[in-house]
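[1] Got a predicted structure plus its sequence, pasted below:
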Amino acid sequence: MKPERWARIRLAFEAAVAASPAGRRLAVEQACGDDAALRDEVLALLAAGDAAAEPQFLEKPVHAFEDYRAEPGAPPRRIGPFEIHGELGVGGMGAVYRAHRLDDPTRTPIAVKVMRHGLAAGELRERFYKEEAILAALDHPGIARLLDAGVTDAGSPWLAMELIDGLPLTAWAERRELSTRARLELFLQVCDAVAYAHGRRVVHRDLKPANILVTHAGEARLLDFGIAKLLPGGDEAQAMSTVTHAALMTIDYASPEQVLGEPVDERSDVYALGVVLCELLTGRRPYRVTTRGRPEALLKAMLVDAPQPPSALVRADRPGDPRAEALADELAGDLDAIVTHALAKSADERCPSVAALAADLRHHLAGRIPAARTLPVTRRLGRFARRRSLAAAALVVAAGLAGVATLWLGGAGAGAVDAGAAARAAEESRRAAAAALDAVEESLAEHDVAALDETTRGRLEHELDRAAQLSAHVADPQVRRRWAAAEARLGELGGPGARVRLQRARTLFAELSAADPADARLALLAADARFRLAALGASCPELAAAARAARAIGLEEAARRAAEWERAAAACAEGGR
């Protein structure tokens, strides 16, 4: 099945699940429109039973089960080696019980999940055993532990899980009115736990506040790695059937590649954490979507629309509120950049790992420049230029050097590029380049450049290369002048990359001089780079040419250097005879 077709089925299915039982048929009709085949496929999924219409049992957190009975009768007295004290919740896929282990003298409470017997067959049962192996391998204080697993006498699989007494992440932060700094420190606990799982080739795939509980002691704990996926390799990486996959994600936190049914890796969890972080900081998600209505509108929001930065969300929700303005000012800059980098539509443009996301947050808390701040705005928002064919529309994203323009080709025609947004994006790119150059200049000022050790020089080279990538798309003369000066400074040291750096400095200074001929200093800097490049290659004609260029500049310093260079050119020519 093509990803586009699967995405429409999944979204229509979500629309039906969100509706009341009596309104499901109407929701399917509205979501599918005239596509009879799509309608039949969705109705077939719903006909598979109520179990396929709510989150998969193994995927649902203990506290989230609705308090109703799916089957009459009292809870069992025992399940495996556990004594049952009562129900924590019941759902269409089974039940969750509060229990303790019979041979545990401390009677520590745990949660036992039991899959309904009629569903414990085929693909779900096979997946159950795979997930048991995944969970058993995860041993981290930030992840709710799998304690035991087995099968009842009736053949129903069960999982015994650590019972976490806490509140969802966002609710815990709001109840305690945490500061932005305290929220970031709490979020970093989550990042550490997810990074641990990624280090063991496990992707969570359903990160959201409801799956992140915070205990009374302020410790964040991740739930429901039971829906996790092992990274590529073996049968674990194979796609699941439509029925199983249909309930595998929470749409508001799903990455674009999940929505389209494409392969996922750690970066899908990065995206979900970006949504969670935005909600934790602002009280709302980066865009409001709903499963009600036509799928095309939801697909556009998930796959095309650039998410608003956190500071803009706060200002939009509470215009004129002094506290909101203060929060927006606090979020603007670093945190806007970090969140939008995590939310890039394309996984290739996204923050590459949860560890990198955490590093950026720690840099921000320490007052250092996060890597996300040095990226062009076009990268942070994501250049999602892949075209997706939909029944009623075509989605096209066009990214320019100065910013991102989103065109929506639908019934209303093409959208227009916001010139103001492009100007703001250009200014943000300029600031990012300037910040990267600040870091380079600070490093150069801290060290004796002529006596750099290999490690320090390598770090400087890396910092300058990153600054060069940003500065290449900035037209501001001051930024480009600083870039050229840094290239010349490192090029003077010689070594394998010196020729490239000196040539880059010469070209930049020459371009700047041509644009501003009144600034004689620029012409001298271009001549100096030319001389050093010639000396590196022992080119006598180029040494002489650099001297002539300096002689033509009306500066006393230029005349002095011209005399020095003429002597060097003469010595070069004499030595070559």
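    Alright, I've got the coordinates.
[2] pLDDT score assigned to the residue lying closest to A95 once chain neighbours are set aside?
    If the residues on either side of it in the chain are set aside, A95 comes closest to V114, at 5.6 Å by Cβ to Cβ, 6 or more residues apart in numbering. Just so you know, the C-beta spots here come from the backbone N, C-alpha and C atoms, and that holds for glycine as well. V114 carries a pLDDT score of 83 in this model.
[3] my guess is V114 contacts I79, does it?
    Yes: counting by Cβ atoms under 8 Å, V114 touches I79, with 6.2 Å between them.
[4] Give me the common contacts of those two.
    Contact criterion Cβ atoms under 8 Å, 6 or more residues apart in numbering; residues bridging V114 and I79 by contacting each: Y97, T152, W158.
[5] measure the second one to I84 for me?
    Read that as T152. T152 sits 12 Å away from I84, going by Cβ to Cβ, to the nearest Å.
[6] How about the first one?
    With distances defined as Cβ to Cβ, the gap from Y97 to I84 amounts to 5 Å.
[7] Which one of V114 and I79 is surrounded by more residues?
    Here V114 and I79 are compared on neighbour count by other Cβ atoms under 10 Å; more neighbours surround V114, at 24 against 21.
[8] Can you tell me the strand partners of the helix or strand containing that one and which way each runs?
    Under the assignment given by DSSP states H and E, the secondary-structure element containing V114 is strand 110-115. Partners of strand 110-115 in the sheet, by DSSP bridges, are strand 94-101 (antiparallel), strand 157-162 (antiparallel).
[9] hey, C-alpha coordinates of the first one in PDB?
    I take that to be strand 94-101. These are the backbone C-alpha positions of strand 94-101, laid out as PDB (Å, rounded to 0.1, in the frame of the first residue of the first chain):
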ATOM      1  CA  GLY A  94      -8.200  -6.200  28.300                       C
ATOM      2  CA  ALA A  95      -7.800  -5.100  31.900                       C
ATOM      3  CA  VAL A  96      -5.100  -3.700  34.300                       C
ATOM      4  CA  TYR A  97      -5.100  -4.700  37.900                       C
ATOM      5  CA  ARG A  98      -3.400  -3.500  41.000                       C
ATOM      6  CA  ALA A  99      -1.500  -6.400  42.600                       C
ATOM      7  CA  HIS A 100       1.500  -7.600  44.600                       C
ATOM      8  CA  ARG A 101       3.700 -10.600  44.300                       C
END
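[10] Phi, psi for D453 please.
    Comment: the main-chain dihedrals of D453 come out as phi -80, psi 170, following degrees, to the nearest 10.
[11] how much space between it and D317?
    D453 is 51 Å from D317, where distance means Cβ to Cβ.
[12] Could you do A523 as well?
    A523 sits 53 Å away from D317, going by Cβ to Cβ.
[13] Please identify which helix or strand holds the residue nearest to G497 when sequence neighbours are not counted.
    Among residues not flanking G497 along the chain, E461 sits closest, at 6.7 Å (Cβ to Cβ, 6+ apart). E461 belongs to helix 454-471 when elements are defined using DSSP H and E.
[14] Who does R78 form a beta bridge with?
    Counting by DSSP bridges, R78 forms beta bridges with E83.
[15] Need the pLDDT of the spatially most central residue of the chain.
    The centroid of the chain falls nearest to A342 when counting by Cα atoms, centre = their mean (2.1 Å). Among the per-residue scores, A342 holds a pLDDT of 95.
[16] doesn't G274 make contact with it?
    Yes: at 2.9 Å, A342 counts as touching G274 under the criterion of Cβ under 8 Å.
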